[in-house]
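**Q** Using only what follows, build the 3D model:
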Amino acid sequence: MEVQNQFKKYQALGNQICQEMLGAIFKLGFSFDDIAGCLVFDGAQFSLTKDPYTAEENLTGCWYDAHKQRIGQIQFNSDASFYAEYDIVKPHPTSKQWFVEAMSAWGNADGIKTEAKLLPALE
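**A** Below you'll find the model as predicted:
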């Protein structure tokens, strides 16, 4: 199946995943200006990747910053599940003991879960 067909198949869910991730990022206390790049589904560059276990094709999208450094990825698996991660790489805005590495999301069309990847801040 070609990339464009897979993209259209997952576009609504992809938009919802991005909104959930942005909501979780804002809930931490970050503002829109704090986020490098733009966490928009259509803003990712998509390709098809072969799942090594099922040999099926997965839709994989990557987000890049202005310097062409990858800052996030989303993958829709052949079993209808997904996993996404978007780099934050900033001190937590309200809890100085934490550093926010990234925001991740996983699930399927029936449910989206999000979680911040936190590291202890350096003192």
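**Q** Quick one: residues contacting Q45.
**A** 61-64 (C-beta atoms under 8 Å, 6 or more residues apart in numbering). (Glycine included, C-beta is placed from N, CA and C.)
**Q** ditto for G107
**A** Applying C-beta under 8 Å, 6+ apart, the residues contacting G107 are 81-82, 113.
**Q** cool, E56 as well?
**A** E56 touches 50, 78, counting by C-beta under 8 Å, 6+ apart.
**Q** Nearest to S95 among the contacts of Q45?
**A** Using C-beta to C-beta, the shortest approach to S95 within the contacts of Q45 belongs to W63, at 25.4 Å.
**Q** how about the helices of the chain, start to end?
**A** Along the chain, counting by DSSP state H, helices occupy 3-28.
**Q** pLDDT weak spots in the chain?
**A** Where the chain drops to pLDDT under 70, the residues are 1, 36-37.
**Q** that older thread, so can I have a markdown table of the contacts of Q45 showing distance to Q19 and neighbour count?
**A** Formatted as a markdown table, the contacts of Q45 follow (distance: C-beta to C-beta, whole Å; neighbours: other C-beta atoms under 10 Å):
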| residue | distance to Q19 | neighbour count |
| --- | --- | --- |
| G61 | 15 | 22 |
| C62 | 19 | 14 |
| W63 | 15 | 24 |
| Y64 | 20 | 14 |
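**Q** quick revisit: highest neighbour count among the contacts of G107?
**A** F82 (21 neighbours; other C-beta atoms under 10 Å).
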